[in-house]
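Engineer: sequence unknown, structure follows:
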Ligand SMILES: [Zn+2]
């Protein structure tokens, strides 16, 4: 894995094909090719404190987003509310259990693990926990990182909520509650967190 991290940290200049080894840059600095001065790469967004703030905010929204109703339907005098987990269980009950599992995985489990994983990585890096136990944890988490971010598909769930809102709005009155707000905020925080996060940069922190 050390080997792999080293291979990844080498890039080719776009203009003159010079092989340049990548290094962590200070904030606001751009790396230039030493031969032809073409811009090679910018500072990774990876600011540890920024990511810590995003992680904690996402974590705060995670539980109400999953436990509070995301949709409230008023239909012929009856009120029905549904949370994401109930929605997934309902779908599974109707026989579409693969869809139910996919929803739970993409909208609940994977985002939760992703946030917890990034939070643990940030805490290990921020507090410079250098003992072998924490380094081993960090290495394992970095290896699982791309899988977790691929499984996290809050955007698909967000789109499906919007689609069902537009389709149902002709038939029933729809209301949004705190759950909708928290889910939207969780979605936004996760987008920013994934934009800020840079896997290579995190690997380089392990190498230091
Ligand atoms: Zn060059």
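Structural biologist: Structure received. Being a predicted model, the structure only gives us computed values, none of them experimental. Residues are numbered from 1 along each chain as shown.

Engineer: so how far is the strand or helix carrying residue 156 off the chain centroid?
Structural biologist: Under the criterion of DSSP states H and E, residue 156 resides in helix 154-168. Remark: helix 154-168 is offset 19 Å from the chain centroid, using C-alpha atoms, centre = their mean, to the nearest Å.

Engineer: and that helix, what other elements does it pack with?
Structural biologist: Using 3 or more C-beta pairs under 8 Å, 6 or more residues apart in numbering; DSSP states H and E, the elements in contact with helix 154-168 are strand 71-75, helix 178-196. No exception for glycine: its C-beta is placed from N, CA and C like everyone else's.

Engineer: distance to residue 144 added to those, as JSON lines?
Structural biologist: Converted to JSON lines, the helices and strands packed on helix 154-168 look like this (distance: least, C-beta to C-beta, whole Å):
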{"stretch": "strand 71-75", "distance to residue 144": "32"}
{"stretch": "helix 178-196", "distance to residue 144": "15"}
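
Engineer: least confident of these, on average?
Structural biologist: Comparing mean pLDDT across the helices and strands packed on helix 154-168, the lowest value falls on strand 71-75: a mean of 77.

Engineer: angle of it against helix 154-168?
Structural biologist: 10 degrees (axes from the mean of the first three to the mean of the last three C-alpha atoms, to 10 degrees).

Engineer: contacts for strand 71-75?
Structural biologist: The contact list for strand 71-75 (C-beta atoms under 8 Å, 6 or more residues apart in numbering) reads 79-82, 161, 164-165, 168, 171-177, 180.

Engineer: same question for stretch 118-126.
Structural biologist: So stretch 118-126 is in contact with 48-49, 51-52, 55-56, 59, 129, 134-135, 137-138, 141-142, 193, 197, 202, 205, going by C-beta under 8 Å, 6+ apart.

Engineer: per-domain residue ranges of this protein.
Structural biologist: Following automatic domain parsing, the chain resolves into domains at 2-42, 48-207.

Engineer: might one say that residue 202 is in contact with residue 146?
Structural biologist: No - Residue 202 lies out of contact with residue 146 (C-beta atoms under 8 Å); the separation is 11.4 Å.

Engineer: more crowded one of the two?
Structural biologist: Applying other C-beta atoms under 10 Å to residue 202 and residue 146 shows that residue 202 carries more neighbours, namely 23 against 10.

Engineer: check which helices and strands the helix or strand that one falls within sits against.
Structural biologist: Using DSSP H and E, residue 202 sits in helix 199-207. Under the contact criterion of 3+ C-beta pairs under 8 Å, 6+ apart, helix 199-207 touches helix 2-8, helix 110-126, helix 132-151.

Engineer: near the ion, which residues of this structure are found?
Structural biologist: 13, 15-16, 18, 33, 35-36, 38 (C-beta under 5 Å from the ion).
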